[in-house]
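# I would like the atomic coordinates for the input below:
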Amino acid sequence: MKITHIYHSGFAVELKDSNLIFDWYTGKLPELPADKPLYVFVSHSHPDHYGTCIWELRERFHEVYYIMDRDTAPGVNGVYRVQPDQSYEIGLLHIDTLLSTDQGVAFYVEAEGRQIYHSGDLNVWYWNGEPAEDNRQQLLTFRKEISRLSGRKIDAAFLPLDPRLEEHAPMAIEEFMKLADCRDLFPMHYWDRLPEVREYLKDPRLLPYRDRIHLEDQVELQ
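Below is the predicted model of the structure:
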């Protein structure tokens, strides 16, 4: 399984018989064979998670499945529209959706014996200056949703590590890694602020998981 961080929250996952793309709105895709099924996931309609560039993939690939939050790109045909806290069988994939703490869904995907999780905007949006109760509800809702992943082995997970949250940015990854049996984790949702994200990896909350957290542009997992 080869994973490419395209940009921000956009990732490509290359498997033996199929390929997956998550939340791609800008950046260069890796070279993907046109004859393999391509599954395109869109967690929600925010412009840093959804771009109209995805529709061009229909012209480049023989078999494309679009799996999108139900409120994204209304009126477009040929799309699997999903809603939170549901399960779906699409093509050769099993997909479970979680409710975002912001907008749309997160995806848990089983494909070719691999388990993959993309959080979309499901995060602990714990903002300095916001009411304490709002921040507390963010944490409680996040814990409730990811509890659905308890006991599942996850080969690769993509979660926000957003520097705008300042000292609270690592909260979601810490909570997730405490609960999930996750082999490899890829931070996302940080735009061009990679130096700040590297500093977060020195945070005591993330140090226990440091050898499983990747910031490389491309990683090959066995």
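
# Could you give the number of residues near residue 175?
18 (other Cβ atoms under 10 Å). C-betas here are computed from N, CA, C, even on glycine.

# do the same with residue 24
Number of residues near residue 24 (other Cβ under 10 Å) recorded here: 23.

# Pretty sure it sits against residue 4.
No: applying Cβ atoms under 8 Å, one finds residue 24 not in contact with residue 4, separated by 10.4 Å.

# any shared contact partners between those two?
Here residue 24 and residue 4 share the contacting residues 11-12, scored by Cβ atoms under 8 Å, 6 or more residues apart in numbering.

# helix, strand or coil for the closest residue to residue 114 other than its chain neighbours?
Once flanking residues are discounted, residue 114 sits nearest to residue 155: 4.9 Å by Cβ to Cβ, 6 or more residues apart in numbering. Using DSSP: H, G, I helix; E, B strand; the rest coil, the structure places residue 155 in strand.

# Next, work out how far apart residue 155 and residue 72 are.
Distance from residue 155 to residue 72, counting by Cβ to Cβ, to the nearest Å: 26 Å.

# outside of stretch 142-149, which residues touch it?
Here stretch 142-149 makes contact (Cβ under 8 Å, 6+ apart) with 85, 96, 98-99, 101, 106, 108, 117, 122-124, 172, 175-176, 179-180.

# Okay, and the beta partners of the residue sitting nearest the centre point of the chain?
Centre of the chain computed as the mean C-alpha position; nearest residue by Cα atoms, centre = their mean is residue 118, 2.3 Å away. Bridge pairing for residue 118 (DSSP bridges) gives the partners residue 107, residue 158.

# for it, what are its contacts?
9, 11, 22-23, 41, 43, 106-107, 109, 157-158.

# do residue 177 as well
By Cβ under 8 Å, 6+ apart, the residues touching residue 177 are 185, 208-209, 212.

# Try it again at 6 Å.
residue 209 (Cβ atoms under 6 Å, 6 or more residues apart in numbering).

# Which parts of this structure are helices?
For the chain, helices defined by DSSP state H occupy the ranges 57-60, 132-146, 171-179, 194-200.

# Residue 28 is nearest to which of those?
Proximity to residue 28 (Cβ to Cβ) singles out helix 57-60 among the helices of the chain, at 13.3 Å.

# since we're on the nearest residue to residue 221 once chain neighbours are set aside, how many residues are nearby?
Beyond its immediate neighbours in the sequence, the residue positioned closest to residue 221 (Cβ to Cβ, 6+ apart) is residue 1, lying 4.7 Å away. Residue 1 has 19 neighbours, counted by other Cβ under 10 Å.

# Look up how far residue 134 lies from residue 1.
Look at residue 1 and residue 134: by Cβ to Cβ, they are 38 Å apart.

# cool, residue 13 as well?
Between residue 13 and residue 134 the distance is 34 Å, computed by Cβ to Cβ.

# Does residue 141 touch residue 101 like I think?
Yes: counting by Cβ atoms under 6 Å, residue 101 is a contact partner of residue 141 at 5.2 Å.
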